[in-house]
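[1] just a sequence and a predicted model for now, questions to come.
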Amino acid sequence: MVDLTMRRQNRLELCVHPGAAFLARMHVRRTLIGWERRDLLDTAGLIASELVTNAIKATGDITVSHEEAMLSPDLVTIGMYRTGPYVVIEVWDGDRTPPAPKNPSDDEEGGRGLLLVELMCRGWGYRWPVTGGKVVWCVIAADPGHTPGGKRSRTEG
């Protein structure tokens with residue numbers, strides 16, 4: 001059973017612009033520090049960056065200037081919540097096309113984002129909200145040695 005008293009969540013809307021991935025990482029970082037979950041900073045930051053980059057590519061032209069992005073109605077949204085030992089990251093974009101992991105060749109520069117998400121997360125998937133677009137989500141498992149305050153527990157042996 002989920003302990004709803006421990007559930008904390010937040011959201012951030014981002015313009016469709018390559019800089020959005022950096023802003024998403026910083027948002028995730030600040031949130032996790034506030035939740036005293038420093039053990040997840042690297043994993044969650046990388047995952048957030050990959051999911052937001054995919055959402056931006058699915059939504060619009062990633063080569064637009066910052067000024068053009070600010071005037072565009074296109075947005076992506078990143079949200080996070082925690083429940084029990086898990087942190088869930090969700091990224092919404094306006095495109096209904098399901099995400100599909102690719103199998104890139106060694107020479108290809110991109111196409112590994114969802115493979116990384118698959119390797120680093122406890123689970124991931126997507127859903128189509130009734131309001132439109134899609135939400136890609138992933139569950140990050142807590143470090144088994146985590147204790148409140150971001151410190152690892154030690155076992156003597």
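    All right, it came through fine.

[2] nearest residue to residue 77 in space, please, no chain neighbours.
    In space, and not counting its chain neighbours, residue 77 is closest to residue 92: 4.3 Å by Cβ to Cβ, 6 or more residues apart in numbering. C-beta here means a position set from N, CA and C on the backbone, and glycine is covered the same way.

[3] residue 129 is in contact with the one you found, correct?
    Yes - between residue 92 and residue 129 a contact is recorded at 7.4 Å, counting by Cβ atoms under 8 Å.

[4] give me the common contacts of the two.
    residue 135 (Cβ atoms under 8 Å, 6 or more residues apart in numbering).

[5] so those two - more neighbours on which side?
    residue 92 (23 against 9; other Cβ atoms under 10 Å).

[6] secondary structure class for that one?
    At residue 92 the chain is in strand, as set by DSSP: H, G, I helix; E, B strand; the rest coil.

[7] how about it, what does it touch?
    55, 76, 77, 78, 79, 129, 133, 134, 135.

[8] drop anything exposed from these.
    Buried by 16 or more other Cβ atoms under 10 Å: 55, 76, 77, 78, 79, 133, 134, 135, out of the contacts of residue 92.
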